[in-house]
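Student: Have a look; sequence and predicted model below, questions after that.
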4 protein chains.
Amino acid sequence: MAKVQPYVHEVKYYECDRMGVTHHSNYVRFMEEARIWWMDQLGYGYERMEAEGIVSPVVAISLNYKRTTTFKDHIEIEVKIAEMTELKLSFSYTMKVDGKLVCTASSTHCFLDGGRPVVFADRFPELHAAMVATLQD
Amino acid sequence: MAKVQPYVHEVKYYECDRMGVTHHSNYVRFMEEARIWWMDQLGYGYERMEAEGIVSPVVAISLNYKRTTTFKDHIEIEVKIAEMTELKLSFSYTMKVDGKLVCTASSTHCFLDGGRPVVFADRFPELHAAMVATLQD
Amino acid sequence: MAKVQPYVHEVKYYECDRMGVTHHSNYVRFMEEARIWWMDQLGYGYERMEAEGIVSPVVAISLNYKRTTTFKDHIEIEVKIAEMTELKLSFSYTMKVDGKLVCTASSTHCFLDGGRPVVFADRFPELHAAMVATLQD
Amino acid sequence: MAKVQPYVHEVKYYECDRMGVTHHSNYVRFMEEARIWWMDQLGYGYERMEAEGIVSPVVAISLNYKRTTTFKDHIEIEVKIAEMTELKLSFSYTMKVDGKLVCTASSTHCFLDGGRPVVFADRFPELHAAMVATLQD
């Protein structure tokens, strides 16, 4: 399978704070953008999951800020599967500007159908297979 | 009826931008906070309207910025009914910090039930009466 | 001069609200994105203005919402000069999704150097000329 | 010293997403609100630090989401010092709604003066002493 390209977020004026840098809370939103984009590349959009009545709450996130970024910076975000269990899925994120590391992060998600946990591989076999394939890159 | 008190929003660090002032887009959110709070004071919470299946889209907004505000400022927002027609409701907002005018604004709303416009006075007679009463203050 | 192309904002998941639609406050941010992008196309980036010590507060905004938009919609935003006076500059915005009008808006700005109003045409003759040229499109 | 009271954030309409719950990125902002409020209670406001030319970047954050929250929920946030080293300061956060745990989190910060790391205890002896005192509660 073709390798998934990094997602790029260009920092907006309104995303910067009084210190003149991207407010740290916004990286959590960039992670979401990159994750949704990554799933789109695998051919399985988030809105399709929603249409099937699945909700996918975020269970945990963790971010390490290495360098500040600012207005107009192009943050390149590489998304990878970090861990897959029956009920949970973890992603890792590597964010760079001009090749320099600015932030590393991770997020863990579960999947609920009518409030009940879904076994990911059973419920989304195609998407699961596509995800496993990315691990071989 | 007792006069509705002004709503107070304390400006958060993350609401300020690179110029060190409250980003202008945030005032639209303060207006929403104040409007919801105002309806709560009239004894009719927004979530009750939602529970009845009513959605209330914003039709138009307009803001005039008079002075900048910043981190920790307490913005006092006075909400008033500006106009009531069968299908639309307009509010005016006066925002002050330490008695000085920082922003004046207005917003216009309609009410939809299953996608169809609702005649406000018919659908919410109690709330309508309470709103009319505020006009006599 | 070549016509400035419309700016495109793809609606993010986190920009949608409980009603499932783009929260109305976010359009004010899309306007800022489009305006900055528009000035970039004219060859005069906002950050260059900032570097010269100029701040450009928003004096007024006005938005009319025509249709709701949602997650993944591509909002095409056309920016035009609406009015130029010595001290103020007004833009108009036309926002469409798939050719259908979703929002029209306007914004008015002034320019300050050390807190004092700047006569735009005097202080930024090149940018002013480029802006005037867009009016002939 | 009197114990610092928990900070309370009431969830705003615009902080909720398409799933009808508080968007997970917003908790990072609630942490900042609670942290700033906590420092205010210790008699040393964040803006005083800023006025002295100190910037305090966030080095790392971590959040574990236990239960969803929504519009009008009152999130009670207890802030505690988790770790103090010469150059870094870590906080832990316990967030509850109606006594039920909704989120636990941590954040780590450093302090910079003109871009150089500051030894916290040396640069802010009073604040450092007040922080140490909270550890004895």
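Tutor: Right, received. Where do you want to start?

Student: Show me the shaky parts of chain A.
Tutor: A:1-3, A:137 (pLDDT under 70).

Student: swap the cut-off to 80 and go again
Tutor: For chain A, the stretches with pLDDT under 80 are A:1-4, A:137.

Student: where along it do the helices fall?
Tutor: A:26-41, A:46-51, A:120-123, A:125-134 (DSSP state H).

Student: from memory A:C103 sits against A:L63, does it?
Tutor: Yes. In this structure, A:C103 is within contact of A:L63 by Cβ atoms under 8 Å, at 6.1 Å. In short, each C-beta sits where N, CA and C put it, glycine included.

Student: which residues do the two both contact?
Tutor: Both A:C103 and A:L63 are in contact with A:Y27, where contact means Cβ atoms under 8 Å, 6 or more residues apart in numbering or on different chains.

Student: Throw the helices of chain A into a markdown table and include mean neighbour count and distance to chain D, thanks.
Tutor: Below are the helices of chain A laid out as a markdown table (neighbours: other Cβ atoms under 10 Å in any protein chain shown; distance: least, Cβ to the nearest Cβ, whole Å):
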| stretch | mean neighbour count | distance to chain D |
| --- | --- | --- |
| helix A:26-41 | 22 | 4 |
| helix A:46-51 | 15 | 8 |
| helix A:120-123 | 15 | 18 |
| helix A:125-134 | 14 | 19 |
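
Student: In a markdown table, list those along with distance to C:M49.
Tutor: A markdown table is the format used below for those (distance: least, Cβ to Cβ, whole Å):
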| stretch | distance to C:M49 |
| --- | --- |
| helix A:26-41 | 23 |
| helix A:46-51 | 37 |
| helix A:120-123 | 49 |
| helix A:125-134 | 43 |
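
Student: Now tabulate these in TSV and tack on distance to chain B.
Tutor: Supplementary listing: these in TSV, determined by distance: least, Cβ to the nearest Cβ, whole Å:
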stretch	distance to chain B
helix A:26-41	9
helix A:46-51	19
helix A:120-123	30
helix A:125-134	32
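
Student: among those helices, which is nearest D:T108?
Tutor: helix A:26-41 (14.8 Å; Cβ to Cβ).

Student: Which strands or helices does that closest one pack on?
Tutor: strand A:7-10, helix A:46-51, strand A:58-65, strand A:74-84, strand A:88-97, strand A:100-110 (3 or more Cβ pairs under 8 Å, 6 or more residues apart in numbering or on different chains; DSSP states H and E).

Student: Just tell me which of these ends up closest to B:Q41.
Tutor: Nearest to B:Q41, of all the helices and strands packed on helix A:26-41, is strand A:58-65, at 34.6 Å by Cβ to Cβ.

Student: That closest one near chain C at all?
Tutor: No. Judged by Cβ under 8 Å from any Cβ of the partner chain, strand A:58-65 stays clear of chain C, getting no closer than 11.3 Å.

Student: do that strand and chain D meet?
Tutor: Yes. For strand A:58-65 and chain D, the contact criterion (Cβ under 8 Å from any Cβ) is met by A:58-65.

Student: Buried members of those into PyMOL, please.
Tutor: This is how PyMOL selects the buried members of those, with burial counted by 16 or more other Cβ atoms under 10 Å in any protein chain shown:
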select buried, chain A and resi 58+59+60+61+62+63+65
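
Student: what sits against the residue lying closest to A:V58 once chain neighbours are set aside?
Tutor: Closest residue in space to A:V58, ignoring its immediate chain neighbours: D:H24 at 4.4 Å, by Cβ to Cβ, 6 or more residues apart in numbering or on different chains. Shown in contact with D:H24 (Cβ under 8 Å, 6+ apart): A:28, A:57-58, A:61, D:63, D:65.

Student: what does A:P117 give?
Tutor: Contacts for A:P117 (Cβ under 8 Å, 6+ apart) come out as A:87, A:110-111.

Student: Could you measure from it over to A:V132?
Tutor: Applying Cβ to Cβ, to the nearest Å, one obtains 20 Å for the distance of A:P117 from A:V132.

Student: Next: A:H74.
Tutor: Distance from A:H74 to A:V132, counting by Cβ to Cβ: 30 Å.
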